[in-house]
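Student: Below is the sequence, then the predicted model.
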Amino acid sequence: MPIRAELDEIDLKILRELQNEGRITNVDLSERVGISAPPCLRRVRKLEQAGIIEGYRAMINAAALGYDLVAFCMIGLAQQSEIHLRSFAEKTLQWPIVRQSWMVSGESDFLLHCVAEDLTHFQDFVIDELTAADNVDTVRSMLTIRQIKDEGAVALGR
């Protein structure tokens, strides 16, 4: 089990600000968290080196690019041995339509977050790729209607 990082309030403020605005300059970040720029930059670098900050991304409006369909698929495998779980997990890495993938417990073995151009492309993916994949027993899909909340990955309260 990973050891939880020891973070002080300044570190948490830095993480909150970067989750909200990843392109913020170090000078602006330092002002928002209440320290000078050099120690702020050292703290950010330390958080990056510790693997707490994994990277930075642009948030892209998928619908503006013509990717209007968002769906979740719950996948049940016929066999759940480690080799079968790994095999399916590796397969998800090859499917561009799958944007996020989780191995889960409960009624399903995997939960896939999919983004497609339209219903036809999504249906083709489900039929041609998912249901045709080795060891896939069940595929249950849910089409989204409207996204309600989109926050940072971690709620950094304290």
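Tutor: Right, received. Where do you want to start? Residues are numbered from 1 along each chain as shown.

Student: And the strand or helix carrying Trp102, what's buried?
Tutor: Using DSSP states H and E, Trp102 sits in strand 98-103. Neighbour-count burial for strand 98-103, with 16 or more other Cβ atoms under 10 Å as criterion, is recorded at Val98, Ser101. C-beta: built from backbone N, CA, C; applies to glycine.

Student: So which elements touch it?
Tutor: With contacts taken as 3 or more Cβ pairs under 8 Å, 6 or more residues apart in numbering; DSSP states H and E, strand 98-103 sits against helix 82-92, strand 110-116.

Student: Tabulate these (TSV), appending mean neighbour count, distance to Thr131 and mean pLDDT.
Tutor: Shown next, in TSV, are the helices and strands packed on strand 98-103 (neighbours: other Cβ atoms under 10 Å; distance: least, Cβ to Cβ, whole Å; pLDDT from 0 to 100):
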stretch	mean neighbour count	distance to Thr131	mean pLDDT
helix 82-92	14	13	97
strand 110-116	20	13	98
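
Student: nearest to Val139, of the ones you listed?
Tutor: Between Val139 and the helices and strands packed on strand 98-103, the shortest gap by Cβ to Cβ is with strand 110-116, which sits at 9.3 Å.

Student: got a list of contacts for the closest one?
Tutor: Residues outside strand 110-116 that contact it (Cβ atoms under 8 Å, 6 or more residues apart in numbering) are 62, 67, 69-75, 77, 88-89, 92, 97-104, 122, 125.

Student: Now the following helix or strand past that strand: average pLDDT?
Tutor: Note on strand 110-116: by DSSP H and E, the next helix or strand toward the C-terminus is helix 119-125. Throughout helix 119-125, pLDDT has a mean value of 98.

Student: Next up, the contacts around Gly22.
Tutor: Gly22 neighbours (Cβ under 8 Å, 6+ apart): Tyr56, Arg57.

Student: Contacts for stretch 118-135, please.
Tutor: Stretch 118-135 is contacted from outside by 68-69, 71, 73, 75, 77-79, 84, 87-88, 91, 95, 97, 114, 116, 136, 139, 141, 143, using Cβ under 8 Å, 6+ apart.

Student: List only buried entries from the residues you listed.
Tutor: Using 16+ other Cβ under 10 Å as the threshold, 69, 71, 73, 75, 77, 88, 91, 97, 114, 116, 136, 139, 141 are the buried ones among the contacts of stretch 118-135.
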